[in-house]
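Undergrad: build the 3D model from these lines:
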Amino acid sequence: MRNNVLYGLDDRPPLGKAVVLAMQHVLTMFGSTVAVPLLLGPAMGMDTAAIALLISSVMLCSGIATLIQATFGSRLPIIQGVSFSFLAAFFMIIATIHPEGETVTPGAAMPYIAGAIIVGAVFEIAIGFSGLMGQIRKVLSPVVVGPVIMLIGLALYTAGAPIAAAHWPISILTMVLITVFSFIWSRHHLVFQMFPMLLAILTAVGVCALCAFLGVFGPGHPARPNLDAFEQSPWFRVQDVFLPWGMPKFQLGFIVAVVAGYLASMIESFGDYHACKQMAGGGDPTPEEISRGIGCEGIGCALTGIFGGFSSTSYSENVGLIGLTKVGSRYVVQIGALILILLGLFGKFGALAAAIPQPVVGGLYCVMFGLISAVGIRQFARADLSSDRNLFIGGFALFMGISVPYYFANGGSEAVQATFIDGLDDVINAIGQTGMAVAAILGVALDNLIPGTRRERGLEPQ
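TA: All right, here's what the predicted structure looks like:
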């Protein structure tokens, strides 16, 4: 079943054309991939040079994970990139290691993040290669998955307006550009349909650079691009590729929180595998392909912990690109993976991305995190919304996923530490501070205890 694709899964376009097609995949995932280190780096007190290293590490890890996935995993043309499903857990780790008002070594949370990623990856590897993904999918209906995805975006409300407020005119310009490029001009111009985020970022940064050149934004202005790290960064990374942040450190509470992110990312990948193979003209993926895909995604994440990046998952926007270009060749994606690896080793690239001004990043976050929340609403809508049962479960899980972390952030953690034994208090705190984990636990319990048909729960088409 080819579905009028230009190049199917096993096809190999001419090398020159394949490189151009691969660059499209790299450009498509650029905005989302760079957004995560630009968000987490400042939260860990990193300067521009450290953020540049973080971006380079993320690109390198994405390339390695993509190459493993396309070659040994599902063998589908799927790009692996940083997953937003883990942000709530990462922020919890950062808040614990970098408490407000205390001086901590910049980036001190990264070894703990790496340790949690590696252990969580072992969990994903086991789920994948054991074939348990199908069983887990049966207890995670849209009634549960919808609120969990909503909380990925809603939990990041502190990263929207506060960052955009560094310079509202540029932040608003960025939001307007993303809106116009994504939803208006994309209807008439293919280039805006394919790269709306990237073009919006480049345009906004161009305006910032022009204002800096004209003297409107002087030295130290938040909207002025900072190229200091670009001048200081090496052309090629050699010494800081392996364990750039030091040896991983392991703490049980952090691991539990990150595992919740793995569950969400596995469900996301499960859906992407189906969409990707269908768009590539190959029908539905086999259970073996899904198992290998999830297992190799875990292997990619484990290597990510070693090479200093963040957990990765399949990128839906790149799956959508296959539908636009009608090119479903894994060969193209393998070349894209090699390009990502080269960019990760090219130190100047990470430094250039780190120079994006904060107001541009803030505008990007406001749009992106709102969109993630809306994707959760769409997922929840797959269930029967006329059912009071579903409304109760989804609403309760969503509310508690917001309210419980607020309680833990305002005295609840100290109460737990005073009540429970060492070790157990860390686990409870990790769960309580992670809205996704709270919503998932309550949602799964209620959705499987309260009677409801498979169609009502959204496990079968309405």
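
Undergrad: show me what contacts the residue nearest the centre of the chain?
TA: Most central in the chain under C-alpha atoms, centre = their mean is residue 83, positioned 2.0 Å from the mean C-alpha point. Applying C-beta atoms under 8 Å, 6 or more residues apart in numbering to residue 83 gives the contacts 261, 265, 268, 310-313. Quick note: C-beta positions are derived from backbone N, CA and C, even for glycine.

Undergrad: quick check: of those, which lies closest to residue 182?
TA: residue 268 (20.5 Å; C-beta to C-beta).

Undergrad: surely that closest one touches residue 85?
TA: Yes: counting by C-beta atoms under 8 Å, residue 268 does reach residue 85; the two are 6.8 Å apart.

Undergrad: what's the overlap in contacts for the two?
TA: Joint contacts of residue 268 and residue 85 (C-beta under 8 Å, 6+ apart) are residue 313.

Undergrad: show me what contacts the closest residue in space to residue 278 that isn't next to it in sequence?
TA: Residue nearest to residue 278 in three dimensions, not counting chain neighbours: residue 284, with 6.9 Å by C-beta to C-beta, 6 or more residues apart in numbering. Contacts of residue 284 were listed using C-beta under 8 Å, 6+ apart, and they are 274, 277-278.

Undergrad: hmm, back to that, strands - which of the contacts of residue 83 land there?
TA: 312-313 (DSSP state E).

Undergrad: want to try a markdown table for the contacts of residue 83, with neighbour count and pLDDT as columns?
TA: Formatted as a markdown table, those follow (neighbours: other C-beta atoms under 10 Å; pLDDT from 0 to 100):
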| residue | neighbour count | pLDDT |
| --- | --- | --- |
| 261 | 27 | 86 |
| 265 | 24 | 86 |
| 268 | 22 | 79 |
| 310 | 27 | 94 |
| 311 | 33 | 92 |
| 312 | 29 | 91 |
| 313 | 27 | 90 |
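
Undergrad: ok, so of the contacts of residue 83, who is nearest residue 45?
TA: residue 310 (17.1 Å).

Undergrad: mind listing what the closest one touches?
TA: 36-37, 40, 58, 61, 82-83, 86, 90, 113, 117, 304.

Undergrad: ok, it to residue 299 distance?
TA: The gap separating residue 310 from residue 299 is 16 Å, by C-beta to C-beta, to the nearest Å.

Undergrad: repeat for residue 231
TA: 37 Å.

Undergrad: residue 178 now?
TA: 34 Å.

Undergrad: and what of residue 429?
TA: 30 Å.

Undergrad: also residue 182?
TA: 34 Å.

Undergrad: what do you get for residue 34?
TA: Distance from residue 34 to residue 299, by C-beta to C-beta: 24 Å.

Undergrad: equivalent analysis for residue 235, please.
TA: 30 Å.

Undergrad: returning to that earlier point: neighbour count: residue 178 and residue 299, which is higher?
TA: Taking neighbours as other C-beta atoms under 10 Å, residue 178 and residue 299 compare with residue 178 leading, 24 against 21.

Undergrad: ranges for the helices of the stretch 101-250 of the chain?
TA: 110-130, 133-139, 142-154, 161-164, 168-183, 190-194, 196-213, 228-232 (DSSP state H, counting those that start in this stretch).
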